[in-house]
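Visitor: sequence unavailable; structure follows:
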């Protein structure tokens, strides 16, 4: 009877546990991430009887939860995705509404601004139209600033959200660690798990996954370790690793994330790619930054193009135009982990035409180029045998010019080229010795809406362009990464073909002298220089004294908008080549950059923030053009001069009176009448140009052709120089098909003058090719189709066929029989070729020469005239500098006069002072509205429309992805619900089942009690 009672009691207890568990399930039917629990029952150990084993009832073995780890892992992942795209969708919608709102957006203001500009062009003298134009410009700049402020507010809110998310992540991590502790402390958690604690931890994990993508790994004691998707730990057992929201190493105004205690530069932003935190980083990087960069690009494009054109006009007071807009400049941010001992600092500009340089020459050390803005010597001890690009400036020595020891020149580059100014007057007579040109590619038309990261990734090497040989240098190998001088600029300079010196230019020390050279051998033979080794290998042209190779810091550049690596370990020259293609010129100050230094380039980020009108006075709006052009009414040719346009408004001589005077049908001289200076002489019209083929593989360059015979029959034929090999070339007249060089070609020597007239007198030019060509390289000399003529900061075109000549005529009161022939020009470069000269006979056999252009000054007296038939044949030759001879026939008498003078067409360029009613510059400004000015041929409206379209496209992408993520999350939730969810119907059935079993067990107890009572009574009886 006792066994029956115990069995019934065990059943009663088990069924009560079942009812309690069912009640617990029902009570938590709406508890998030509660897993349905169930009582696991098991039969107790039976007792052996004589007839066999008798069961003893039931025990509760454990209470388990319905749970699937794989489903929960999927649910966490999809929760991260939904949270990420919900947040992205909200942020993108905010941005889209801001940019596209007709009340807040930019389109109406752009329309009003350009409309007022057209009205101004229609009424150039109207003060009202000028004021309206300025007002609309101010409205436009204010609206752009307002949008920029709104974008910055959105950026600030993201920073706040990142900070809050980090704090919440740390709270969740701490909560998970505490649950881990409780689970680990449960003595039999492996067999009897603390289900409600595990559910609480699951909820914390899901909540954590809403903020960031995580990976979960279980330990044997039931604890869970939590990692970010990149493997960085957040929870390990009962320990947590906190995240901290910190200022970006590049931009202190931007918040990023790293693990507490980690060094600067170990930011986790790139690794957190899901959850709300991932959404903040992705939105800022892929949507907000490009939008703000696009707005800055629009502002910088407007400012750059409108300022440039406005400064090419004159205002109502006759003054050259000023800048219309002020705008922010590109910026380069140095990472906080960069070397801070004489740190390298990059600056960026749309171009480098505002820099000024001093070029000095010393017979002992060749040329030195110094940047005057900071006194930095950007290049020293270099030769200048052909155009050379240094620090973003191309310096070219004019053909035929020479310099002397101590000469100094001030270089003021412009994108179209500017001549150098002599400091000390030691230079040769030619006014132009050097030309300095800033590389033109770096302007707003090439700017991309992207940031760039520059990493100092090692060392790079190159051969200088002026090398006479074509030996190559290998990429350096790093022997000592910790050498403090690793990235110093070092020159390997050959003193002759077999020895070289090694100079550290950064420190100003010589590392080695007179080192023996072996082609292909490691430099140095033992050890290293500043932590690197390299090798120089002979080419087809031997090394010559002066050949130089440069080893310097190597840079890697990544464009962040598409993560494309634009450069891998290239030197500063290669870095600038890459960045110019992106629309920027970089300048390095201090340094050198050390290995591992990082820089963030933001070309347009500040453009819109600092965009404002620079003008307030309507009289200062430059509507008129500063110059006007005329053709002399008595011109004999059909030449027509254009109205002209300004290419460099900074020139102080822009509005000087200039005359273009043709000395022949194909040559002219240029005079500045205000300074009485000859600007140019013997200029070929149309000009001859020399150019290298775009597909050339070598490093050789060609100089502009020098004219030696202006009357040569084939001077203007197209000539091609073709390299058969690196050491042999042939010259072909493309116009006629004739080959000028011998069969097999002529030998090539870098820098030697090639005289076409020596090959064939019908050709009248010389040129030089310097550097290292390769087989297949081609160069061309030809007459251009462009008739553009530019001096003093302006450019004009002369079309048609101008007439030019030097003529001679007898005096009207001559008494002799002398006649004069047509003069023969002997020197088209003569300074006084266009002067009017009087030949005055003092007797039948003597004459004087008077320069009538120079107030009749006598330039030669008592000259002997030999009548025709004598030794002199009646030829009159003036002193050097006049460039002609003329024959006089028969018998002139004392008092007879003859005039030799220029009879060429003349064209004038002069100031448009008082050009009231002139709207030429306003019309040029109007053209900017629809002329492609920015990247990929976009105009200003295109850029803004593209911004809106791209944000909209991003919004649609985000919305579509959100929908798919929501569908996946719903499936995961349904899967979890089907496994772990509480069904009230099922629980009600379980409750009935357990209740019935409980009642049955109670009945067994009652029956057992009755039997026991009956037994006692029987015993008593």
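Guide: Now that the structure is in, tell me what you want to look at. Because the structure is predicted, anything quoted here is derived from the model rather than measured.
Visitor: what's the weakest-modelled helix or strand in the chain?
Guide: The helix or strand of the chain with the poorest confidence is strand 418-419; it has a mean of 37 (mean pLDDT, DSSP states H and E).
Visitor: wait, is residue 595 part of a strand?
Guide: No: assigned with DSSP: H, G, I helix; E, B strand; the rest coil, residue 595 falls outside any strand and is coil.
Visitor: that one: neighbouring residues, count only.
Guide: 20 (other CB atoms under 10 Å). Any C-beta I mention is one placed from the backbone N, CA and C, and that applies to glycine too.
Visitor: do you know how far it is from residue 601?
Guide: 19 Å (CB to CB, to the nearest Å).
Visitor: surely residue 956 is in a helix?
Guide: Yes: applying three-state DSSP, one finds residue 956 inside a helix.
Visitor: tell me the spacing between it and residue 962.
Guide: Relative to residue 962, and taking CB to CB, residue 956 is found at 11 Å.
Visitor: higher neighbour count, these two?
Guide: Counted by other CB under 10 Å, residue 956 and residue 962 do not tie: residue 962 has more neighbours, with 18 against 12.
Visitor: name the nearest residue to that one, ignoring sequence neighbours.
Guide: With sequence-adjacent residues excluded and distances taken as CB to CB, 6 or more residues apart in numbering, residue 962 is closest to residue 85, at 3.8 Å.
Visitor: over to residue 281?
Guide: residue 269 (5.1 Å).
Visitor: that neighbour contacts residue 257, correct?
Guide: Yes: contact criterion CB atoms under 8 Å: residue 269 and residue 257 qualify, at 6.1 Å.
Visitor: these two: which has the busier surroundings?
Guide: residue 257 (23 against 20).
Visitor: A strand includes the more buried one, no?
Guide: Yes: under three-state DSSP, residue 257 sits within a strand.
Visitor: okay, it and residue 558: tell me how far apart.
Guide: 21 Å.
Visitor: which parts of the protein belong to which domain?
Guide: 2-65+982-1020, 71-286+939-970, 331-350+442-603, 352-439, 688-783, 806-902 (automatic domain parsing).
Visitor: out of those domains, which comes closest to residue 311?
Guide: domain 352-439 (12.5 Å; CB to CB).
Visitor: please enumerate residues in contact with stretch 326-335?
Guide: Outside stretch 326-335, the residues within contact range by CB atoms under 8 Å, 6 or more residues apart in numbering are 249-251, 265, 296, 299-300, 302-304, 343-350, 584, 586, 597-614.
Visitor: hmm, 6 Å instead?
Guide: Here stretch 326-335 makes contact (CB atoms under 6 Å, 6 or more residues apart in numbering) with 249-251, 299-300, 303, 346, 348, 584, 598-603, 606-607, 609-612, 614.
Visitor: let me know the average pLDDT across that stretch.
Guide: Computed over stretch 326-335, the mean pLDDT rounds to 85.
Visitor: swap in stretch 595-611?
Guide: Here the average pLDDT along stretch 595-611 is 87.
Visitor: do I have it right that residue 900 meets residue 837?
Guide: Yes: between residue 900 and residue 837 there is a contact under CB atoms under 6 Å: 4.7 Å.
Visitor: can you give me the helices in this structure?
Guide: For the chain, the helices defined by DSSP state H cover 2-27, 69-100, 107-122, 127-185, 195-211, 275-282, 289-310, 572-581, 756-759, 920-927, 940-980, 984-1020.
Visitor: and for residue 674, the neighbour number?
Guide: 14.
Visitor: wait, it sits on residue 655?
Guide: No: applying CB under 6 Å, one finds residue 674 not in contact with residue 655, separated by 8.8 Å.
Visitor: quick one: the strands in the stretch 401-550 of the chain?
Guide: Along the stretch 401-550 of the chain, counting by DSSP state E, counting those that start in this stretch, strands occupy 408-411, 418-419, 421-422, 434-438, 452-463, 472-473, 477-478, 490-494, 499-504, 509-516, 522-523, 532-537, 548-559.
Visitor: turn these into TSV, including mean neighbour count and distance to residue 916.
Guide: TSV is the format used below for the strands of the stretch 401-550 of the chain (neighbours: other CB atoms under 10 Å; distance: least, CB to CB, whole Å):
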stretch	mean neighbour count	distance to residue 916
strand 408-411	20	37
strand 418-419	18	31
strand 421-422	16	35
strand 434-438	22	35
strand 452-463	22	48
strand 472-473	16	63
strand 477-478	14	68
strand 490-494	22	60
strand 499-504	19	62
strand 509-516	13	65
strand 522-523	18	70
strand 532-537	20	67
strand 548-559	23	50
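Visitor: distance to residue 90 added to the ones you listed, as CSV?
Guide: Formatted as CSV, the strands of the stretch 401-550 of the chain follow (distance: least, CB to CB, whole Å):
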stretch, distance to residue 90
strand 408-411, 55
strand 418-419, 54
strand 421-422, 60
strand 434-438, 46
strand 452-463, 29
strand 472-473, 55
strand 477-478, 48
strand 490-494, 55
strand 499-504, 57
strand 509-516, 60
strand 522-523, 60
strand 532-537, 52
strand 548-559, 28
